[in-house]
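Asker: Test case, fold it:
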Amino acid sequence: MAKALESKLFSAGKSAYYLGLPNQLLAAPRDGDARETHIRAIAETAEVLTDAGMIVLTTVSYFEDHEAQLFRALLGNTPMHIVGVGDISLVDTPVIARYPSKPNPDKVAEELASKLGI
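Answerer: All right, here's what the predicted structure looks like:
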């Protein structure tokens with residue numbers, strides 16, 4: 001889904017980058033230091049890329065509110081939009097869209113591009 005949106009953004013003349021991280025790295029114990037280290041690394045890299053003017057897309061399985069807060073803190077004033085797919089555990093974090101597990105990536109990319117005015 002993120003790769004399809006990245007393609008859509010490129011087609012619209014936007015500088016975009018899909019910052020992928022294998023789910024195996026995020027499968028560390030959910031309360032473990034390894035997972036937080038990987039989440040922090042994604043957020044810090046995203047911050048550098050957004051400072052350079054890029055739109056950054058990433059995927060994080062089992063994203064939780066405290067992790068979203070960490071992203072927000074590291075990104076500062078940079079806009080951050082979260083899309084939920086499948087069963088998500090976000091309670092206090094707003095999402096711009098929710099989709100069932102395994103949605104059609106091209107359809108989702110179209111819908112999100114429209115929501116974001118791209």
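
Asker: From now on I want contacts and neighbour counts done on CA atoms only, so please keep to that.
Answerer: Fine.

Asker: Which elements pack onto the longest helix seen in the chain?
Answerer: In the chain, with assignment by DSSP state H, the single longest helix is helix 33-51. Contact here means 3 or more Cα pairs under 8 Å, 6 or more residues apart in numbering; DSSP states H and E; on that basis helix 33-51 packs against helix 23-26, strand 55-57, helix 65-75.

Asker: of all these, which lies closest to Val48?
Answerer: Closest of the helices and strands packed on helix 33-51 to Val48 is helix 65-75, at 8.9 Å (criterion: Cα to Cα).

Asker: Off-centre distance for the helix or strand just after the closest one?
Answerer: Per DSSP states H and E, the first helix or strand lying C-terminal to helix 65-75 is strand 83-85. Relative to the centre of its chain, strand 83-85 is centred 9 Å away, using Cα atoms, centre = their mean, to the nearest Å.

Asker: follow-up on the earlier one: with distance to Asn104, mean pLDDT and mean neighbour count added, can I get the helices and strands packed on helix 33-51 in TSV?
Answerer: Formatted as TSV, those follow (distance: least, Cα to Cα, whole Å; pLDDT from 0 to 100; neighbours: other Cα atoms under 10 Å):
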stretch	distance to Asn104	mean pLDDT	mean neighbour count
helix 23-26	20	51	13
strand 55-57	17	90	19
helix 65-75	25	89	16
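
Asker: still on that earlier bit, between helix 65-75 and the longest helix of the chain, find me the angle.
Answerer: 40 degrees (axes from the mean of the first three to the mean of the last three Cα atoms, to 10 degrees).

Asker: Tell me the spacing between the most centrally placed residue in the chain and Tyr17.
Answerer: Nearest to the mean C-alpha position of the chain, counting by Cα atoms, centre = their mean, stands Thr58 at 3.8 Å. According to Cα to Cα, to the nearest Å, Thr58 and Tyr17 sit 9 Å apart.
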